[in-house]
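Asks: pasting a predicted model and its sequence here:
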Amino acid sequence: MNRVARRPAAAPAKRRLAVLLGVRDPVVVILLLIAFFSAISGKPLDGLLIMLVAAALAWDSWARSRRAAAEPSEDEPAWPLTAHRHPQPAVQAPAVQAPAVQAPAGQAPGGSAARHNAAVLGGLAGVLGGILYAAVVGSFTRFSWPATIAVVGLGALVIFIGWQGPLRPRPVPGRLPLAGVAAWGALLFAGGLWELWQLLQQPSLTVTSYAHPTISALTDPVLSAQPGRALMLAGWLLIGWYLVRR
């Protein structure tokens, strides 16, 4: 009876601990800081979208930690063993090797030539679609609703597809090298401090000062014209495609 009575109190504590473990992720913390400073600097929509991404990553970290905790360890059996039930060794039938079938000369085995052609056509269609997207969306006025919907809609679609899992089989990556993590961490930390210092030196958080320009202020000359916006969108698409392929 005591064990059953303690369960309802333990469940909320475990959920709170899981949420804290998800928020403890460095990427989540960085995104929450970016969302906060974007909101107070006059960009509430940007802050809201970044906060939603941070919340989704925190939830995903919590879900992965739950799945990892539920999986049996290597030292524990996957099913209970009793004195009357022992796992029987699997009896494997002798392997029968099928005769090798050679493809005719000039034809790739297994239809790999057709898959290669389909991949090439798909890549060309993706490149043309990206160019068209960058040209059309780049023609919209900055911070307008058509531009916002086009960027947010595409980003949400890619996140939804990527959240289902990798698009192709890939090996599990090993532990990241400490030197690379330290170098990127130091670069991001220095860039964040510089951005925060420039933001605090402005006349107000919502007024841009070119005497102390932030990163967004430095990109204003490029994004003020349609060709610059199209080039930036094309670069954004290339980076996103590289991340999706990874």
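Replies: Perfect, I can see it now.
Asks: CA only for contacts and neighbour counts going forward, please
Replies: OK.
Asks: which stretches in this structure count as helices?
Replies: Using DSSP state H, the helices of the chain run over 2-23, 26-40, 44-70, 112-138, 145-163, 178-200, 215-218, 220-223, 226-245.
Asks: what packs against the fourth one?
Replies: Okay, so that is helix 112-138. Helix 112-138 makes packing contacts with helix 145-163, helix 226-245 when contacts are defined by 3 or more C-alpha pairs under 8 Å, 6 or more residues apart in numbering; DSSP states H and E.
Asks: nearest to residue 169, of the ones you listed?
Replies: With respect to residue 169, and counting by C-alpha to C-alpha, the nearest of the helices and strands packed on helix 112-138 is helix 226-245 at 10.9 Å.
Asks: ok, and what's touching that closest one?
Replies: By C-alpha atoms under 8 Å, 6 or more residues apart in numbering, the residues outside helix 226-245 that reach it are 130, 131, 134, 135, 137, 138, 139, 140, 162, 167, 222, 223.
Asks: max pairwise distance over those: which two?
Replies: Spatial extent of the contacts of helix 226-245 (C-alpha to C-alpha) is set by the pair 167 and 222 at 34.2 Å.
Asks: of those two, which one has the most company?
Replies: Legend: neighbour count by other C-alpha atoms under 10 Å for residue 167 and residue 222, higher for residue 222 (15 against 11).
Asks: now the nearest residue to the more buried one once chain neighbours are set aside: how far from residue 46?
Replies: Distances taken as C-alpha to C-alpha, 6 or more residues apart in numbering place residue 228 nearest to residue 222, at 5.0 Å, with adjacent residues excluded. According to C-alpha to C-alpha, to the nearest Å, residue 228 and residue 46 sit 21 Å apart.
Asks: about what we covered before: turn the helices of the chain into JSON lines, columns for distance to residue 209 and mean pLDDT.
Replies: Listed next are those as JSON lines, based on distance: least, C-alpha to C-alpha, whole Å; pLDDT from 0 to 100:
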{"stretch": "helix 2-23", "distance to residue 209": "33", "mean pLDDT": "54"}
{"stretch": "helix 26-40", "distance to residue 209": "16", "mean pLDDT": "84"}
{"stretch": "helix 44-70", "distance to residue 209": "20", "mean pLDDT": "80"}
{"stretch": "helix 112-138", "distance to residue 209": "25", "mean pLDDT": "88"}
{"stretch": "helix 145-163", "distance to residue 209": "25", "mean pLDDT": "86"}
{"stretch": "helix 178-200", "distance to residue 209": "9", "mean pLDDT": "86"}
{"stretch": "helix 215-218", "distance to residue 209": "8", "mean pLDDT": "83"}
{"stretch": "helix 220-223", "distance to residue 209": "12", "mean pLDDT": "87"}
{"stretch": "helix 226-245", "distance to residue 209": "21", "mean pLDDT": "88"}
